Structures are given as structure tokens and as C-alpha cells.
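Visitor: sequence and predicted model, in that order:
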Amino acid sequence: MLKFVSLVGGLLLSASAFGQSVAVVRFPDLQKRLARPTDTTYVVNFWATWCAPCVKELPGFEQLRAANAGKKVKVLLVSLDYASQLEKKVKPFVKQRGLKSEVLLLNESDPNSWMDKLDAKWSGALPFTLIINNKTNQRATFEQELSQAELTAALQKFQK
Amino acid sequence: MKKLLPYFSFCFVLLLSSFIARPTADGYKVGDKATDFKLKNIDGKMVSLADNKAAKGYIVVFTCNTCPFAKAYESRIVELNAKYAPKGYPVVAINPNDPAVAPGDSYADMQKKKYAFPYLVDESQQVARTYGATRTPHLYVLTRKGNDFVVSYIGAIDDNSEDAKLVKTKYVENAMTEILAGKPATTNSTKAIGCTIKWKQA
């Protein structure tokens, strides 16, 4: 048992030592993940390395994650960079910025095929942030750049 | 209590006015009449929809110099004009970005573009707000009905921003085929990713 624990621990440590990985997902994967019947509040930020306001607000999401560590809050950063840019742009960006939140790359070429299924209110401008809690059926969306204060206030409504 | 009555009624009126002041819709929907505008072109001349008497309609596209998606679609917008201007639907490009936020979108930078269609500056950003444009590129097809222009299509150009060669569905061209045949577009509203319009900071 001890051996097992140290093995798992060692694996986890080495994984973090290698830095954050970026999983490439298709829309149905993301949809399933966000539909899970969990009491964890998901803060899902859609961004891209080429999107200046997105890059500007990313530290706010990182701070939010750190401030809510140990609470039932999960920050997901979903990159809408092209999958062809994964190694060239996205991974180096994540490493350089030292992003600790989970980063996914949504590999879909036609936004019209999935955007309405995610949220009908989203017109397609980046950044876009979705906060959901499936247990309490709460949902909030923001098609704009969020300041640290706005983001904290938005999450607080889910934590009452 | 009596003393409080005017206060309460004041609050009530305030509450009521906040409902009235709220805009009823966020920009145009398909079927809405588009109000004309008068915006400055990169040649210094003012352009309105009413100017071109021969136009059967317009392909109005909110775009800019700086957004990677606008850049990716630039040649495809040029092609749309080449294809549909002879059929009576020329492109009108409008740049709504505040150059204070996006320096590459200044009037001088816009003037470096050599398009066969107008490239207008929406300095007050009022046209973008009226249309309900949120991103670049964001495209609207307008069809002439008498002296009016009616919104016939809103949305994406096609289904692959990265590579024009990999496009499977040309959304706006499919809509144009039907519109040119005098029919409403089957798919008249589509979504695309784009850069947020760089609104003036209050």
C-alpha cells in the first residue's frame, strides 16, 4: 500500500514538475464534462492566445483558482486557438505564463456547429465566461473581459 | 408613513423608468429594417446605403485591421465583393474599433487598405451598436425593399476560419444564392468566433 501511495505521489509530482498539459477535446467531450451532476461550481473561460483582452484577464482566473483552492470551485480555461497551434503557441504560452488552472483546447473548426449548444446568448466574441453549478441549476454568462473584482463578485453569487 | 409616500412613489417611478430605458433588443434580427448611416470612407468621402441607387442590397461586414480572424477572412471578404457586387450586392466594410484600444485600427492605418469597396470608420461606434455587432468579422446581408433595407442574413462567412481550402459550408454564399433567387435564406443566422469589438472605454 505504501509503495502504491508513493508511486502515485511520485507520478503526481513528476506530472507537476513537467508543468501543465493541454488536453485537446472535441465539443461533445466538453459538453459531457459540463453536464455532470456535481455540486462543484465550474468557471469556464473561453480564450485564445491571439486575443488581447483574454490574455489580459487570465491572471484574474488564476487568482480566482488560488483563492478558492479547497472549495468546490473548478476553473477551466478553454482555448479556442487552432489545434494546429497547440505545440507552437498554446503549450509554450501556458508554460511561459505558468498557468496552474486546467487548460483545454477545443478542437472544432465550425463554431456554428456547437456554440448554440453551449450557450445561445454567446454571439462569438472572445473572451466569454460561463459559470455553472449543476446542483443548484445556477448559470451566468459574460461576453466581455472581466476584472478581478467582477469575476469574484460573479462567483460569490454561486457561493451563498 | 405619509411622509414616506413621496419617497416610495419616487422609487417606483425610478424603477419604472429603468425598465423603460432598457433597450428591447440587442441589435438587429433577420427581418428588421436597417436604418441608414453616414460614415466616412478611407478616401474622406461620406458613404450612405442610399447613395448607391443601383444596389439591390449590401453585404455589410464589421471588420478591422488588427483581429487575427478579420485578417484570416480579409481575402474572402474581397472575394465576396468580386462575386456579389456585379449581382447588385456590393460589400460595405465598417471598422468599429476604438483606435485608442487597438492602435492598428487608426484612420491612417485603415487608409493603407486598397479595397474595391468602401471601408468606413464608425467613429462613434453607434452603427455597430445599432446593428448589434459584437465581434470582427460580423456580417450582415441587407436586401432592398423599396427605399428600405431589410436584414436578410446575420453571422458567419463560412465554417473554417483557419483555412479557406478546408471550408465545407459557405454560409453567406448559400444564403446569397437563395436571396438572389428572391427567397428567404434557409439558414439566416449563424455563429462565428471573432475578436470583441474594441469599445471606447468609459
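Guide: Perfect, thanks for sending it.
Visitor: switch to C-alpha atoms for all contacts and neighbour counts from now on
Guide: Will do.
Visitor: where do the strands sit along the chain?
Guide: With no chain named, the answer covers chain A. Counting by DSSP state E, the segments of chain A that form strands are A:22-25, A:41-47, A:73-79, A:102-106, A:125-126, A:128-133, A:138-142.
Visitor: please go with chain B instead
Guide: B:33-34, B:39-41, B:46-47, B:57-62, B:91-95, B:119-121, B:135-136, B:138-145, B:148-155, B:194-196.
Visitor: sheet-wise, list the partners of the second one with their directions.
Guide: Read it as strand B:39-41. Sheet pairing of strand B:39-41 (DSSP bridges) gives strand B:46-47 (antiparallel), strand B:119-121 (antiparallel).
Visitor: ok, now the last one?
Guide: For strand B:194-196, sheet partners with direction are given as strand A:125-126 (parallel), strand B:135-136 (antiparallel), following DSSP bridges.
Visitor: go on, the fourth one?
Guide: With DSSP bridges as the criterion, the sheet partners recorded for strand B:57-62 are strand B:91-95 (parallel), strand B:138-145 (antiparallel).
Visitor: where in chain A is pLDDT low?
Guide: Counting by pLDDT under 70, chain A has low-confidence residues at A:1-19.
Visitor: for the residue nearest to the spatial centre of it, which non-adjacent residue is spatially closest?
Guide: In chain A, the residue lying closest to the centroid (CA atoms, centre = their mean) is residue A:76, at 1.6 Å. Leaving aside its chain neighbours, residue A:76 sits nearest to residue A:44 (4.8 Å; criterion: CA to CA, 6 or more residues apart in numbering or on different chains).
Visitor: what does residue B:186 give?
Guide: residue B:175 (7.0 Å).
Visitor: looking at the strands of chain B, which is buried most?
Guide: When you average the neighbours per residue for each of the strands of chain B (mean count of other CA atoms under 10 Å in any protein chain shown), strand B:135-136 leads with a mean of 29.
Visitor: contacts for that one next, please.
Guide: Outside strand B:135-136, the residues within contact range by CA atoms under 8 Å, 6 or more residues apart in numbering or on different chains are A:124-125, B:62-64, B:67, B:69-70, B:193-197.
Visitor: for it, what is the average pLDDT?
Guide: In this model, strand B:135-136 has a mean pLDDT of 96.
Visitor: make sure the residue nearest to residue A:76 is actually in contact with residue A:73.
Guide: No: Residue A:44 lies out of contact with residue A:73 (CA atoms under 8 Å); the separation is 10.6 Å.
Visitor: need the contact list for residue A:22.
Guide: A:91, A:102, A:103, A:104, A:105.
Visitor: residue A:123 now?
Guide: Counting by CA under 8 Å, 6+ apart, residue A:123 has contacts A:143, B:134, B:191, B:192, B:193.
Visitor: list the contacts of residue B:38.
Guide: B:46, B:47, B:48, B:49.
Visitor: would you list every one of the helices in the chain?
Guide: Unless you meant another one, I'm taking chain A. Along chain A, counting by DSSP state H, helices occupy A:2-17, A:27-35, A:52-67, A:91-97, A:115-118, A:148-156.
Visitor: the chain in question should be chain B.
Guide: Remark: helices assigned in chain B by DSSP H are B:5-21, B:68-84, B:107-110, B:126-131, B:171-180.
Visitor: alongside chain A, which residues does chain B contribute?
Guide: Residues of chain B that fall close to chain A, judged by CA under 8 Å from any CA of the partner chain: B:68, B:134-136, B:156, B:159-162, B:190-197.
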